[in-house]
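1. Structure here, sequence nowhere to be found:
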C-alpha cells in the first residue's frame, strides 16, 4: 500500500540562517518558530513542524549558527537570530510563538523576553540555563560538537539569567509553557520548577514521569499538548 508523501517545506536562507518553512493550505492561525538544541539541526524537528501545519499553524525550523547549513559560529547573537526568524514568520502568520528544547529552550525564553511582547507564547522543553551551557562549552570533554565563538559566548552565557528572563515575560503578557521529563539526565527538572515559580501568569508547568533529556521532543501527545497551549495563547 502506497502512502502519499507529506508536503515538502520551503527551504531558504535568511541572514545566513538556513530554514525550513511549513505552511498550511488555509490562512494560518499563527506561527511557531522552532529552536533546536546544541549539536542538533532543524531537520530533527520536522515532525513537530508537520504536526503544527496539520493543526493549521505555520512552522519555521532553522539551523542555529554553527549548526547544519547556517553560516558562522554560535555566539551571543543567538537571541537576535531567533527574533529575526520571528520577523520572517510574521510574513506568513498573524502572531508568533517560540518553541525550543534544551539550548533551544534557553534561546526561546531569552528571545521572548527581548521581544517586548511581540512573541506571544513560549514552549520550553527541558530548558538549559546559561551557566550550565557555559560549563559544557568550556569542558575539555565536550561531547556535542558544533562551531562556537567560545571566547564571546561563554562569558555571555555566564552573565545572563534564565530565571530573570522567565520572570519578565508576564509583564508583556507572554504565555509560558515549561515541559520537563523527571528522568532528564542532563538538566534537572527542578530548574523548570524554579522558572515556573519566577514566572507570572499565563503559565503552565508539565512534568512527565521518567523519560530523558530528549524524550519529550518527539512524543506526539506532548507535541499536541504544546500546540494546544500555543493556539490558545495566539487566539
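-> Nice, I can see it. Just so it is clear, the structure is predicted and the values come from calculations on it, not from any experiment.

2. For residue 207, grab the count of nearby residues.
-> 16 (other C-beta atoms under 10 Å). To be clear about C-beta, it is placed using only N, CA and C from the backbone, and glycine gets the same treatment.

3. Do you know the pLDDT at it?
-> Residue 207 is assigned 98 on the pLDDT scale.

4. same question, residue 137
-> 85.

5. in which helix or strand would I find it?
-> Per DSSP states H and E, residue 137 falls inside helix 130-138.

6. Check which residues of that helix are buried.
-> Residues of helix 130-138 classed as buried: 130, 132, 133, 134, 136, 137 (neighbour count, 16 or more other C-beta atoms under 10 Å).

7. Run through the residues that contact residue 146.
-> 38, 39, 66, 67, 74 (C-beta atoms under 8 Å, 6 or more residues apart in numbering).

8. May I see the PyMOL selection of the buried members of those?
-> Here is the PyMOL command that selects the buried residues among the contacts of residue 146 (16+ other C-beta under 10 Å):
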select buried, resi 38+39+66+67+74
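
9. So which of the contacts of residue 146 are in helices?
-> Counting by DSSP state H, no part of the contacts of residue 146 is found in helices.

10. With pLDDT and distance to residue 11 added, can I get the contacts of residue 146 in CSV?
-> Output for the contacts of residue 146, formatted as CSV (pLDDT from 0 to 100; distance: C-beta to C-beta, whole Å):
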residue, pLDDT, distance to residue 11
38, 94, 22
39, 93, 21
66, 96, 19
67, 97, 15
74, 97, 21
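
11. Out of the contacts of residue 146, which is nearest to residue 155?
-> residue 74 (13.9 Å; C-beta to C-beta).

12. What are the phi and psi values at the residue lying closest to that closest one once chain neighbours are set aside?
-> In space, residue 74 comes closest to residue 66 once its chain neighbours are excluded; the distance is 3.7 Å by C-beta to C-beta, 6 or more residues apart in numbering. Main-chain dihedrals, residue 66, degrees, to the nearest 10: phi 80, psi 0.

13. my guess is residue 66 meets residue 77, correct?
-> No: between residue 66 and residue 77 there is no contact under C-beta atoms under 8 Å: 10.9 Å.

14. Low-confidence ranges, this structure, go.
-> 1-3, 140-143 (pLDDT under 70).

15. Spatially central, which residue of it would that be?
-> Per C-alpha atoms, centre = their mean, the C-alpha nearest to the average position across the chain is that of residue 100, at 1.7 Å.

16. Quick check: that one touching residue 126?
-> No: at 9.7 Å, residue 100 does not count as touching residue 126 under the criterion of C-beta under 8 Å.

17. hang on, the earlier thing: tell me the one of the contacts of residue 146 nearest residue 196?
-> Distance to residue 196, by C-beta to C-beta, is smallest for residue 38 among the contacts of residue 146, at 23.0 Å.

18. With residue 44 as the reference, measure out to that closest one.
-> Distance from residue 38 to residue 44, counting by C-beta to C-beta, to the nearest Å: 12 Å.

19. Residue 61 now?
-> In this view, residue 61 and residue 44 are 8 Å apart by C-beta to C-beta.

20. Comparing these two, which shows the higher neighbour count?
-> More neighbours surround residue 61 than the other of residue 61 and residue 44, with 28 against 18 (other C-beta under 10 Å).

21. Touching, the more buried one and residue 32? I think so.
-> No: using C-beta under 8 Å, residue 61 is not in contact with residue 32, being 9.1 Å away.

22. any shared contact partners between the two?
-> Common neighbours of residue 61 and residue 32 (C-beta under 8 Å, 6+ apart) are residue 49.

23. picking that back up, would you convert the buried residues of helix 130-138 into CSV that also reports distance to residue 171?
-> Formatted as CSV, those follow (distance: C-beta to C-beta, whole Å):
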residue, distance to residue 171
130, 21
132, 26
133, 25
134, 27
136, 30
137, 30
